[in-house]
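Novice: A predicted structure for the sequence below; I have some questions about it.
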Amino acid sequence: MAETTGDRPATGEGPGRVLVAVYGVFALAAGARAAVQLSTRFAEAPVAYLLSALAAAVYVVATVALARGGRRVALVAITVELVGVLVVGTLSLVDRAAFPDETVWSAYGRGYLFIPLVLPVVGLLYLRRTARTPSR
Amino acid sequence: MTLLLVVAVTVAAGLLALAGVASTLARRRIGLLHLWGAALLEVLLLVQGALAVVQLVRGERLADTPTFLGYLAGIVLLPVAGALWARTEPSRWAGTVLAVAAGAVGVMIWRLLELWEATGG
């Protein structure tokens, strides 16, 4: 499944598989949370819950792209993730009323041990590293 | 939800995470021990989940039932997904993959207990 694209190494093997696992956990956690928020109380805070759904979608895309070695898609998804956690993290602290309910990215992912803040940085570094070294 | 089972899940998840990290540090692939550990964790979660669903059907009221069910559905997937994703990894990193899944279970089970104990008004 995780085929190497061209001469570059796969992103879903070796240590990359651990990264995929962490992304998978967040795809699951953010997805479950967004699904509940959108289906039961969307009207309470549409913007916050749509951002929550965006976060979930980004984690799903990043997980699949990393697992299958889709470097370009992974790069875009992880970049969106980094921007998202910084923007939503800041907004949730500045304007608490707009974010009445915790999302994965609230307060830079404080509710998740700040892993949402660290994860995109690790992801980008990993993509860089594997792009340069041809072997693991 | 019972505290006893939550503790049992935490211990099983902790041991599985340790076994996973140990195999990575020892530069070894995962063995049968890890798969049995994941299976045990899954059984504990299914028992806990079944008990919770039975209690809900019998009229137990929570402050936030949808979130509880969402987390419950997620947590029972974790050991299975972790084991499948680790099994096809031929390197020492398979153990860390299992450890990530086990660690997530160990954290989420306490979040579930919290959601369970917040009763609806």
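Specialist: Structure's in. What do you need? Residues are numbered from 1 along each chain as shown, chains lettered A, B, ... in the order given.
Novice: Just give the number of residues close to B:Gly20.
Specialist: Number of residues near B:Gly20 (other CB atoms under 10 Å in any protein chain shown) recorded here: 27. From N, CA and C alone the C-beta is placed, and that goes for glycine too.
Novice: With A:Val83 instead?
Specialist: A:Val83: 12 neighbours (other CB under 10 Å).
Novice: so which strand or helix has it?
Specialist: Using DSSP states H and E, A:Val83 falls within helix A:71-94.
Novice: Averaged pLDDT, that helix. What do you get?
Specialist: Taken as a whole, helix A:71-94 has an average pLDDT of 93.
Novice: where are the low-confidence patches of the chain?
Specialist: This is for chain A. Applying pLDDT under 70 to chain A flags residues A:1-9, A:100-101, A:132-136.
Novice: Please refer instead to chain B.
Specialist: Where chain B drops to pLDDT under 70, the residues are B:120-121.
Novice: What parts of it come near chain A?
Specialist: B:66-67, B:70-71, B:73-74, B:77-78, B:81-82, B:85-86, B:89, B:91, B:93-94, B:96-97, B:100-101, B:104, B:108 (CB under 8 Å from any CB of the partner chain).
Novice: Now intersect those residues with the helices, please.
Specialist: B:66-67, B:70-71, B:73-74, B:77-78, B:81-82, B:85-86, B:94, B:96-97, B:100-101, B:104, B:108 (DSSP state H).
Novice: what's next to the helix holding A:Val83, contact-wise?
Specialist: By CB atoms under 8 Å, 6 or more residues apart in numbering or on different chains, the residues outside helix A:71-94 that reach it are A:5, A:8, A:11, A:51, A:54-55, A:58-59, A:61-62, A:65-66, A:98-99, A:103, A:105-109, A:116-117, A:119-121, A:123-124, A:127, A:131.
Novice: Which neighbouring elements make contact with the one helix or strand A:Tyr49 maps to?
Specialist: Using DSSP H and E, A:Tyr49 falls within helix A:46-68. Helices and strands touching helix A:46-68, by 3 or more CB pairs under 8 Å, 6 or more residues apart in numbering or on different chains; DSSP states H and E, are helix A:15-41, helix A:71-94.
Novice: quick one, which of these is packed in tightest?
Specialist: With neighbours defined as mean count of other CB atoms under 10 Å in any protein chain shown, the helices and strands packed on helix A:46-68 peak in mean count at helix A:15-41, which reaches a mean of 22.
Novice: is that helix anywhere near chain B?
Specialist: Yes: judged by CB under 8 Å from any CB, helix A:15-41 and chain B are in contact via A:15, A:17-18, A:20-22, A:24-25, A:28-29, A:31-33, A:35-36, A:39-40.
Novice: residues in contact with whichever residue of chain A sits closest to chain B?
Specialist: Across chain A, no residue is closer to chain B than A:Ala32, which sits at 3.9 Å (CB to the nearest CB). If a contact means CB under 8 Å, 6+ apart, then A:Ala32 has B:Gly70, B:Tyr71, B:Ala73, B:Gly74 as its contacts.
Novice: Which among the ones in helices among the residues of chain B next to chain A count as buried?
Specialist: Taking 16 or more other CB atoms under 10 Å in any protein chain shown as the criterion, what is buried in these is B:67, B:70-71, B:74, B:77-78, B:81-82, B:85-86, B:94, B:96-97, B:100-101, B:104, B:108.
Novice: Quickly check the contacts of A:Ala32 for the two that are furthest apart.
Specialist: With CB to CB as the measure, no two of the contacts of A:Ala32 lie farther apart than B:Tyr71 and B:Ala73, at 7.4 Å.
Novice: mind listing what residue 17 touches?
Specialist: I went with chain A, as the question did not name one. Here A:Arg17 is in contact with B:Trp85, B:Ala86, B:Glu89, B:Ser91, B:Trp93, B:Ala94, B:Val97 (criterion: CB under 8 Å, 6+ apart).
Novice: wrong chain, I was asking about chain B
Specialist: Per CB under 8 Å, 6+ apart, neighbours of B:Ala17: B:Leu98, B:Ala99, B:Ala102, B:Gly103, B:Gly106.
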